[in-house]
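> could you look at this predicted model? Sequence included:
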Amino acid sequence: MGDILSMLFNTAVFAAAFRMATPLIFAALGGIFSERSGVVNIALEGMMLVGAFTAMFVTYHTGLPWIGVLGAIVAGALMGLLHALFCVRYRANQVVTGTAINIFAGGLTVFLLRFYFGTAGTSPSVTTIPDLTLPLLSKIPWIGKILGRQNPLVYLALLAVVVTHIVVYKTVWGLRLRSVGEHPAAADTVGVNVYRTRYIAVAISGALAGLGGTYLSIAHLSRFSENMTAGRGFIALAAMIFGKWTPLGALGASLFFGYADALQMRLQDIGIPVQFMHMLPYVLTMIALAGFIGKAVAPKAAGEPYIKEG
Amino acid sequence: MRKRLSFLLVAVLLVGLVVSPTYAKQPRIGLIFAEGGLGDQSFNDAAYVGLMKAKDELGVEVNYVEPADIAEMEDHQRAYADLGYDLIITIGFIHANALAEVSADYPNLNFAIVDDVVDNPNVTSLVFEEHEGSFLVGVVAGLMTKTDKVGFVGGMEVPLIRKFQVGFEEGVKWANPNAQVFVNYAGSFGDPGKGRELAVSQNERGADIVYHASGGTGGGVIDAAKSNGFYAIGVDSDQDYMAPGTVLTSMIKRVDLAVYEVIKSLVDGTLEPGIRSFGIEDGGVGTSEFTYTKDLVPQSVFDKVEEAKAKISSGEIVVSNPLN
């Protein structure tokens, strides 16, 4: 029992939690941008996968992982624009489009992997973004052990939370974004360009999801492998809902899922079934949706295409 | 005129039918890969090597197909069966369900499956003694560890993977009774991110060598070993190249050998359906060539591995098989 208690506050577990949470944080923030604009984005998984592949691919050819990061952002944004094209311009069902993008991304990445590298399962190993030691933070006793030395993308994810919070709640564009997601007709009448706002929001969404994938392929690991996101896009979606469509909430939920995962790995020996931990994010999402921990209300217009009148 | 022509045609066809079986002396072999197909640098590629060796050395006619997913397996099996192939080889457990049906529908044809057992009178099941191979890499790990702690990362907790785990544990203990083995399962064969974190957590607890039997998840185990400075042990195919110097060795299953041997026994007329197991004795499982780690491993370790091989072959050591 003492083992479990010491494990609960073990700095190594918290450090692992941040590593596991990072791809979730990026993708969940991506989900917030998209859904706040009124476009449901269940394609986060596929966008992450394309980002993970592109990051590996660009790094493989340039030897420069940060160029790989840029490539993944661009590729993710393009996937976002594709999603937006169908959802905004052609008013396709957003869930169907998202599912199609997920399937497309799975096939495309494996096809490209085979085409360029002649292997089906795993790409060659590439240069990774090295971990960074923060000089001041690492000196602080407990927190230093957790956050003093992490991958730059882990810090970037935390920074992205703050930036997203400011953009969504403190800027004029953020207000427009939210109005477009709540009541697009009203936003339109006061001169907000609903379509353009949604295009931009979904492209940002894809770029962030692509960053999440980047972390997997060239920071946490050093290679792309088939379907390596392994459902993280959906867990991120769950984190977004559990966090009630807010950046800080999504951060908390992602960290909680990451922590549960990190803890689970170290508690396997004492007989908690792995499967229980695997279903935890989904159970919590259902609890959140059922309203047990305050209301979790989606943006009102999420899922509805907007048809401009006249 | 037309009537006469058609009569002639029919006559030619009839003659052809009578004559053709005498021309088909060459046995025809159809091979159906597992998902992923060629280029996986593992199972499928190894099967291909065995198939091509059989083609070159035994003079058989070979054909193969790369299915995209599990739903296609049955169609491909039936396609070769309808063409009357003499031996239809399927790669991977993913074929098992379909093969149980198809082989029953074509009782006069021979079938084979790699890595699973289908209990029909015309199916040869080619399986491997993974516990024995894992014992050998366990011996290497037990002798090479400086902390007396090593790790095992499994994909899913299924009986087949338990076989790797148990063999590894017994090998470690045989070579080094003081050593401790940490065991973790990722719950997936395709989540390298989780594989990495599991290996890191074992390393934090002191393990300096981690063996994985977890498919794609293992890429993360190897990455963790490389970046955090400990050793990994690969599985199924020779994974030493994935991180030269970091992957100490790999536990290899010689799928090429199994495919070649089953074709050879068909050609020799000695094919006996049933379970055919490849172990240490016939070289069906074993360690890699230590291509990048030869200089790191003392001769005494290689000697001990040879001793273990001899003792397993002679029956002096019996490695537990959780499937029995």
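Everything's here; your move. What you see is a predicted model; the values in this text were computed from it and never measured.
> alpha carbons only: can I get stretch A:58-76 in PDB?
C-alpha atoms of stretch A:58-76 as PDB (Å, rounded to 0.1, in the frame of the first residue of the first chain):
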ATOM      1  CA  VAL A  58      10.800  16.100 -43.900                       C
ATOM      2  CA  THR A  59      13.300  15.300 -41.100                       C
ATOM      3  CA  TYR A  60      14.500  12.300 -43.000                       C
ATOM      4  CA  HIS A  61      15.300  14.400 -46.100                       C
ATOM      5  CA  THR A  62      16.600  17.600 -44.400                       C
ATOM      6  CA  GLY A  63      18.100  16.200 -41.200                       C
ATOM      7  CA  LEU A  64      16.600  19.100 -39.400                       C
ATOM      8  CA  PRO A  65      13.800  18.100 -37.100                       C
ATOM      9  CA  TRP A  66      12.500  21.700 -36.700                       C
ATOM     10  CA  ILE A  67      11.900  21.900 -40.400                       C
ATOM     11  CA  GLY A  68      10.000  18.700 -39.900                       C
ATOM     12  CA  VAL A  69       7.900  20.500 -37.300                       C
ATOM     13  CA  LEU A  70       7.100  23.200 -39.900                       C
ATOM     14  CA  GLY A  71       6.200  20.600 -42.500                       C
ATOM     15  CA  ALA A  72       3.900  18.800 -40.100                       C
ATOM     16  CA  ILE A  73       2.100  22.100 -39.300                       C
ATOM     17  CA  VAL A  74       1.600  22.800 -43.000                       C
ATOM     18  CA  ALA A  75       0.400  19.300 -43.700                       C
ATOM     19  CA  GLY A  76      -2.000  19.300 -40.800                       C
END
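> average pLDDT across it?
Throughout stretch A:58-76, pLDDT has a mean value of 97.
> that stretch and chain B, are they touching?
No. Contact of stretch A:58-76 with chain B (Cβ under 8 Å from any Cβ of the partner chain) is absent, the minimum separation being 13.3 Å. C-beta coordinates here come from the backbone N, C-alpha and C atoms, glycine included.
> okay, buried residues for that stretch please.
The neighbour-count check on stretch A:58-76 (16 or more other Cβ atoms under 10 Å in any protein chain shown) flags A:58-60, A:65, A:68-69, A:71-76 as buried.
> equivalent analysis for stretch B:26-38, please.
So for stretch B:26-38, counting by 16+ other Cβ under 10 Å, buried means B:27-38.
> next: stretch B:59-72.
Residues of stretch B:59-72 classed as buried by neighbour count (16+ other Cβ under 10 Å): B:60, B:62, B:64, B:66-67.
> contact residues of chain B facing chain A?
Where chain B comes near chain A, counting by Cβ under 8 Å from any Cβ, the residues are B:36-42, B:44, B:157, B:182-185, B:187-188, B:190-194, B:196-198, B:200-201, B:204, B:215-216, B:219-220, B:223, B:226-227, B:242-243.
> swap the cut-off to 7 Å and go again
Proximity of chain B to chain A (Cβ under 7 Å from any Cβ of the partner chain) is limited to residues B:36-37, B:39-42, B:184-185, B:187-188, B:190-193, B:196-198, B:200-201, B:204, B:216, B:219-220, B:223, B:242-243.
> on that earlier part again, now distance to residue A:31 too, for the buried residues of stretch B:26-38, in a markdown table please.
Conversion of the buried residues of stretch B:26-38 to a markdown table gives the following (distance: Cβ to Cβ, whole Å):
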| residue | distance to residue A:31 |
| --- | --- |
| B:27 | 57 |
| B:28 | 54 |
| B:29 | 51 |
| B:30 | 47 |
| B:31 | 44 |
| B:32 | 41 |
| B:33 | 38 |
| B:34 | 35 |
| B:35 | 30 |
| B:36 | 31 |
| B:37 | 34 |
| B:38 | 37 |
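> kindly indicate which of the residues you listed lies nearest chain A.
Checking these against chain A by Cβ to the nearest Cβ gives residue B:36 as the nearest, at 4.2 Å.
> surely residue A:43 touches residue A:100?
No. Look at residue A:43 against residue A:100 with Cβ atoms under 7 Å: they stay out of range, at 8.2 Å.
> which one's more surrounded, the two?
residue A:43 (36 against 17; other Cβ atoms under 10 Å in any protein chain shown).
> domain boundaries for chain B, per the record?
B:17-128+B:255-278, B:130-253+B:294-314 (automatic domain parsing).
> could I get those domains as TSV with mean pLDDT and distance to residue A:217?
Formatted as TSV, the domains of chain B follow (pLDDT from 0 to 100; distance: least, Cβ to Cβ, whole Å):
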stretch	mean pLDDT	distance to residue A:217
domain B:17-128+B:255-278	89	18
domain B:130-253+B:294-314	95	9
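> and of the buried residues of stretch B:59-72, the nearest to residue A:36?
Taking Cβ to Cβ as the measure, residue A:36 sits nearest to residue B:67 out of the buried residues of stretch B:59-72, at 42.7 Å.
> Provide the secondary structure category for the closest one.
coil (DSSP: H, G, I helix; E, B strand; the rest coil).
> that one: what's it in contact with?
When contacts are counted by Cβ atoms under 7 Å, 6 or more residues apart in numbering or on different chains, residue B:67 touches B:32-33, B:35, B:73, B:76.
> tell me which two in those are the farthest apart.
Farthest apart among the contacts of residue B:67 by Cβ to Cβ are B:35 and B:76. That separation is 12.0 Å.
> ok, residue B:236 touching residue B:253?
Yes. The pair residue B:236 / residue B:253 is scored as a contact, 5.5 Å apart, by Cβ under 7 Å.
> the chain: strands as residue ranges?
Chain wasn't specified; assuming chain A. Remark: strands assigned in chain A by DSSP state E are A:132-133, A:149-150.
> ah, I was thinking of chain B
All strands of chain B, identified by DSSP E, fall at B:28-32, B:61-65, B:87-91, B:110-114, B:123-128, B:149-154, B:180-185, B:209-213, B:231-236, B:247-253, B:274-278, B:285-287.
> what does the shortest one contact?
The list of residues contacting strand B:285-287 from outside it, by Cβ under 7 Å, 6+ apart, reads B:128-130, B:132-133, B:136-137, B:140, B:249, B:251-254, B:278-280, B:305.
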